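**Q** just the structure for this:
(2 chains)
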There are 2 protein chains.
Amino acid sequence: MTHHYQARIYITLRPSVLDPQGVAVKSGIQHLGYDNVEQVRIGKYIEMTLSATDEAEARTQLDRICDQVLANPVIEIYRFDLTEVAAVTA
Amino acid sequence: MTHHYQARIYITLRPSVLDPQGVAVKSGIQHLGYDNVEQVRIGKYIEMTLSATDEAEARTQLDRICDQVLANPVIEIYRFDLTEVAAVTA
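**A** Numbers count the residues shown, from 1 in each chain, chains lettered A, B, ... in the order given. Sure, this is the predicted structure:
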(Lines give C-alpha, C1' and ligand atoms only; values in the text may rest on other atoms or scores of the structure.)
Protein backbone atom coordinates (compact mmCIF):
# COMPACT_ATOMS: atom_id res chain seq x y z
CA MET A 1 0.00 0.00 0.00
CA THR A 2 1.26 3.45 -0.81
CA HIS A 3 1.14 6.33 1.60
CA HIS A 4 1.12 9.99 0.74
CA TYR A 5 3.47 12.45 2.37
CA GLN A 6 3.89 16.17 2.38
CA ALA A 7 7.46 17.39 2.64
CA ARG A 8 8.43 20.92 3.61
CA ILE A 9 11.94 21.51 2.38
CA TYR A 10 14.12 24.39 3.55
CA ILE A 11 17.23 25.22 1.56
CA THR A 12 19.68 27.76 2.91
CA LEU A 13 23.17 28.91 2.03
CA ARG A 14 25.88 27.44 4.23
CA PRO A 15 26.70 29.89 7.04
CA SER A 16 30.17 30.49 5.61
CA VAL A 17 28.80 31.56 2.21
CA LEU A 18 28.15 35.26 1.57
CA ASP A 19 24.51 36.04 0.74
CA PRO A 20 24.47 39.19 -1.43
CA GLN A 21 20.70 38.95 -1.95
CA GLY A 22 20.17 38.98 1.81
CA VAL A 23 22.52 41.96 2.20
CA ALA A 24 20.57 43.84 -0.50
CA VAL A 25 17.21 43.08 1.12
CA LYS A 26 18.54 44.13 4.54
CA SER A 27 19.75 47.40 3.07
CA GLY A 28 16.36 48.00 1.42
CA ILE A 29 14.50 47.30 4.64
CA GLN A 30 16.79 49.60 6.61
CA HIS A 31 16.28 52.41 4.11
CA LEU A 32 12.55 52.13 4.79
CA GLY A 33 13.27 52.97 8.43
CA TYR A 34 13.52 49.53 10.01
CA ASP A 35 17.06 50.05 11.24
CA ASN A 36 16.72 47.43 13.98
CA VAL A 37 17.03 44.64 11.42
CA GLU A 38 20.42 43.05 11.96
CA GLN A 39 20.77 40.23 9.48
CA VAL A 40 18.80 38.82 6.56
CA ARG A 41 19.56 35.56 4.80
CA ILE A 42 17.43 34.31 1.96
CA GLY A 43 16.72 30.70 1.10
CA LYS A 44 14.19 28.56 -0.68
CA TYR A 45 11.12 26.85 0.70
CA ILE A 46 9.57 24.00 -1.24
CA GLU A 47 6.37 22.11 -0.52
CA MET A 48 6.25 18.70 -2.19
CA THR A 49 3.72 15.89 -2.03
CA LEU A 50 4.85 12.41 -2.96
CA SER A 51 3.76 8.81 -2.52
CA ALA A 52 5.92 6.05 -1.04
CA THR A 53 5.48 2.68 0.63
CA ASP A 54 6.71 3.98 3.98
CA GLU A 55 8.29 6.99 5.62
CA ALA A 56 11.85 5.61 5.37
CA GLU A 57 11.53 5.28 1.60
CA ALA A 58 10.12 8.79 1.31
CA ARG A 59 13.04 10.18 3.34
CA THR A 60 15.63 8.32 1.26
CA GLN A 61 14.11 9.61 -1.94
CA LEU A 62 13.82 13.18 -0.65
CA ASP A 63 17.50 13.12 0.30
CA ARG A 64 18.36 12.12 -3.26
CA ILE A 65 16.05 14.71 -4.84
CA CYS A 66 17.46 17.48 -2.64
CA ASP A 67 21.07 16.51 -3.36
CA GLN A 68 20.60 16.08 -7.10
CA VAL A 69 18.06 18.71 -8.07
CA LEU A 70 16.92 21.18 -5.47
CA ALA A 71 20.06 22.17 -3.57
CA ASN A 72 23.65 22.77 -4.57
CA PRO A 73 25.48 20.80 -1.85
CA VAL A 74 28.67 22.81 -2.37
CA ILE A 75 27.15 26.03 -1.06
CA GLU A 76 23.73 25.06 0.32
CA ILE A 77 22.32 22.88 3.05
CA TYR A 78 18.80 21.51 3.21
CA ARG A 79 16.48 20.05 5.79
CA PHE A 80 12.91 18.85 5.55
CA ASP A 81 9.89 17.93 7.65
CA LEU A 82 7.71 15.06 6.52
CA THR A 83 4.05 14.52 7.44
CA GLU A 84 1.70 11.85 6.20
CA VAL A 85 -1.41 13.17 4.46
CA ALA A 86 -4.59 11.60 3.18
CA ALA A 87 -4.51 10.44 -0.42
CA VAL A 88 -5.03 13.18 -2.98
CA THR A 89 -8.25 12.52 -4.85
CA ALA A 90 -7.10 12.70 -8.45
CA MET B 1 16.09 46.96 27.28
CA THR B 2 16.20 45.55 23.79
CA HIS B 3 15.80 41.89 23.03
CA HIS B 4 17.05 40.08 19.99
CA TYR B 5 14.83 37.82 17.96
CA GLN B 6 15.31 35.45 15.10
CA ALA B 7 12.42 35.24 12.66
CA ARG B 8 11.95 32.44 10.16
CA ILE B 9 9.68 33.72 7.44
CA TYR B 10 7.94 31.45 4.93
CA ILE B 11 6.43 33.04 1.83
CA THR B 12 4.28 30.94 -0.47
CA LEU B 13 2.01 31.60 -3.40
CA ARG B 14 -1.68 31.64 -2.55
CA PRO B 15 -3.16 28.19 -3.26
CA SER B 16 -5.28 29.61 -6.07
CA VAL B 17 -2.25 31.02 -7.92
CA LEU B 18 -0.55 28.88 -10.56
CA ASP B 19 3.11 28.12 -9.80
CA PRO B 20 4.91 27.58 -13.15
CA GLN B 21 8.29 27.26 -11.43
CA GLY B 22 6.96 24.43 -9.28
CA VAL B 23 5.45 22.72 -12.33
CA ALA B 24 8.81 22.94 -14.12
CA VAL B 25 10.71 21.54 -11.14
CA LYS B 26 8.19 18.69 -10.77
CA SER B 27 8.61 17.86 -14.43
CA GLY B 28 12.41 17.86 -14.08
CA ILE B 29 12.28 15.60 -11.03
CA GLN B 30 9.92 13.19 -12.77
CA HIS B 31 12.19 13.00 -15.80
CA LEU B 32 14.96 11.85 -13.48
CA GLY B 33 12.81 8.85 -12.57
CA TYR B 34 11.05 10.07 -9.43
CA ASP B 35 7.57 9.63 -10.87
CA ASN B 36 5.95 9.34 -7.43
CA VAL B 37 6.29 13.10 -6.89
CA GLU B 38 2.80 14.53 -7.11
CA GLN B 39 3.03 18.26 -6.54
CA VAL B 40 5.78 20.83 -6.08
CA ARG B 41 5.26 24.42 -5.04
CA ILE B 42 8.14 26.79 -4.54
CA GLY B 43 8.33 29.61 -2.07
CA LYS B 44 10.85 31.74 -0.24
CA TYR B 45 12.41 31.17 3.15
CA ILE B 46 13.99 34.10 4.95
CA GLU B 47 15.93 34.14 8.20
CA MET B 48 16.06 37.55 9.84
CA THR B 49 17.50 38.74 13.12
CA LEU B 50 16.19 41.95 14.60
CA SER B 51 16.09 43.79 17.90
CA ALA B 52 12.93 45.03 19.59
CA THR B 53 11.75 45.98 23.06
CA ASP B 54 9.40 43.02 23.26
CA GLU B 55 7.94 40.21 21.19
CA ALA B 56 4.74 42.09 20.34
CA GLU B 57 6.74 44.93 18.82
CA ALA B 58 8.87 42.49 16.83
CA ARG B 59 5.73 40.79 15.48
CA THR B 60 4.12 44.08 14.49
CA GLN B 61 7.23 45.17 12.69
CA LEU B 62 7.67 41.83 10.93
CA ASP B 63 4.08 42.01 9.70
CA ARG B 64 4.81 45.41 8.17
CA ILE B 65 8.12 44.32 6.63
CA CYS B 66 6.50 41.22 5.11
CA ASP B 67 3.57 43.20 3.70
CA GLN B 68 5.67 46.05 2.32
CA VAL B 69 8.88 44.42 1.18
CA LEU B 70 9.15 40.66 1.28
CA ALA B 71 5.81 39.38 0.06
CA ASN B 72 3.39 40.50 -2.63
CA PRO B 73 0.07 40.30 -0.71
CA VAL B 74 -1.93 40.06 -3.94
CA ILE B 75 -0.53 36.63 -4.85
CA GLU B 76 1.48 35.52 -1.81
CA ILE B 77 0.88 34.68 1.82
CA TYR B 78 3.46 34.68 4.58
CA ARG B 79 3.86 33.27 8.04
CA PHE B 80 6.74 33.44 10.50
CA ASP B 81 8.08 31.87 13.67
CA LEU B 82 9.84 34.08 16.18
CA THR B 83 12.37 32.96 18.78
CA GLU B 84 14.36 35.07 21.19
CA VAL B 85 18.11 34.73 20.84
CA ALA B 86 21.08 35.97 22.83
CA ALA B 87 22.47 39.33 21.80
CA VAL B 88 24.77 39.25 18.79
CA THR B 89 28.23 40.27 19.88
CA ALA B 90 29.08 42.97 17.37
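
**Q** which element is the residue nearest the centre of chain A on?
**A** Of all residues in chain A, the one closest to the mean position by CA atoms, centre = their mean is A:Tyr10, 1.8 Å from it. Secondary structure here is read from DSSP states H and E; on that basis A:Tyr10 sits in strand A:3-13.

**Q** right, and the helix or strand after that strand?
**A** Sequence-wise, the next helix or strand downstream of strand A:3-13 (DSSP H and E) is helix A:20-31.

**Q** which strands and helices sit next to that following helix?
**A** In terms of contacts (3 or more CB pairs under 8 Å, 6 or more residues apart in numbering or on different chains; DSSP states H and E), helix A:20-31 is packed against strand A:37-52. Bear in mind the C-beta positions are built from the backbone N, C-alpha and C, glycine included.

**Q** per-residue confidence for the residue of chain A positioned farthest from its centre?
**A** Distance from the C-alpha centroid of chain A, by CA atoms, centre = their mean, peaks at A:Gly33 (29.5 Å). Among the per-residue scores, A:Gly33 shows a pLDDT of 93.

**Q** got a list of what A:Pro73 touches?
**A** A:Pro73 makes contact with A:Asp67, according to CB atoms under 8 Å, 6 or more residues apart in numbering or on different chains.

**Q** and it, how far from A:Ser16?
**A** Using CB to CB, to the nearest Å, A:Pro73 is found at 14 Å from A:Ser16.

**Q** next: A:Val69.
**A** Relative to A:Ser16, A:Val69 is positioned 23 Å away (CB to CB).

**Q** of the two, which one has the most company?
**A** A side-by-side neighbour count of A:Val69 and A:Ser16, using other CB atoms under 10 Å in any protein chain shown, places A:Val69 first with 12 against 6.

**Q** what residues does chain A have near chain B?
**A** Where proximity means CB under 8 Å from any CB of the partner chain, the interface of chain A facing chain B comprises A:2, A:4, A:10-12, A:22, A:25, A:28-29, A:32, A:34, A:36-52, A:61, A:64-65, A:68-70, A:88.

**Q** filter those residues down to the buried ones.
**A** Neighbour-count burial (16 or more other CB atoms under 10 Å in any protein chain shown) is assigned, among the residues of chain A next to chain B, to A:4, A:10-12, A:22, A:25, A:28-29, A:34, A:36-38, A:40-52, A:61, A:65, A:70.
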